[in-house]
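Participant: here's my sequence, what's the structure:
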Amino acid sequence: MGLGIVRDPGSHAFLEHIRTDPKLLGCSVTMPCKVAIIPRLDELTPEGAAIGAVNTLFLRNDESGKRIYCGTNTDCIGIREALVQNVSGPSIYRGNPALVVGGGPPLGLPFTPFKTS
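Facilitator: Next comes the predicted model:
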């Protein structure tokens, strides 16, 4: 298919390709690019802005019809849902410490308690 791995988040050629390819709607962003790509984006969702890192890049049309780059962070949604869906009520967590074990804790973790809906 000719797909390659892009290691440089500032790759102008890659960003222009995804803006102009009508079949491409977005892509995943991995470390260490989650923070480095932000200056290249046109817009951030509230989650992406609050966390200061994005793991999903999507394109949308602005008012003039131009495709713009938007970044969001879905880590906080995944973390929240994993915690909330497995208990009778999320209030069980209120005031209690948490231990996060993993190879690289997501940047969205501290934001999770504040986004409960």
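Participant: so who does the residue with the largest distance to the centre of the chain touch?
Facilitator: Within the chain, the residue lying farthest from the chain centre (C-alpha atoms, centre = their mean) is Ser88, at 28.1 Å. By C-beta atoms under 8 Å, 6 or more residues apart in numbering, the contact set of Ser88 is empty. For every residue, glycine as well, the C-beta is placed using N, CA and C.
Participant: distance of it relative to Val29?
Facilitator: Counting by C-beta to C-beta, to the nearest Å, the gap from Ser88 to Val29 is 35 Å.
Participant: show me the shaky parts of this protein.
Facilitator: Residues of the chain meeting the criterion pLDDT under 70: 1-11, 98-117.
Participant: in a helix, the residue farthest from the centre of the chain, correct?
Facilitator: No - according to DSSP: H, G, I helix; E, B strand; the rest coil, the state of Ser88 is coil, so it is not within a helix.
Participant: number of residues surrounding Leu24?
Facilitator: 14 (other C-beta atoms under 10 Å).
Participant: quick check: it touching Leu59?
Facilitator: Yes - look at Leu24 against Leu59 with C-beta atoms under 8 Å: they come within range, at 7.2 Å.
Participant: against Ile77, how distant is Asp21?
Facilitator: The value you get for Asp21 to Ile77, if C-beta to C-beta is used, is 27 Å.
Participant: who are the packing partners of the one helix or strand Ala49 maps to?
Facilitator: If you go by DSSP states H and E, Ala49 is part of helix 46-51. If contacts are counted by 3 or more C-beta pairs under 8 Å, 6 or more residues apart in numbering; DSSP states H and E, helix 46-51 sits against strand 67-72, helix 75-84.
Participant: buried set for the host helix or strand of Leu57?
Facilitator: Under the criterion of DSSP H and E, Leu57 resides in strand 56-61. In terms of neighbour count (16 or more other C-beta atoms under 10 Å), strand 56-61 has its buried residues at Thr56, Leu57, Phe58, Leu59.
Participant: residue contacts, the second one?
Facilitator: Read that as Leu57. So Leu57 contacts Ile18, Gly26, Cys27, Ser28, Val29, Ile37, Leu41, Tyr69, Cys70, Gly71 (C-beta under 8 Å, 6+ apart).
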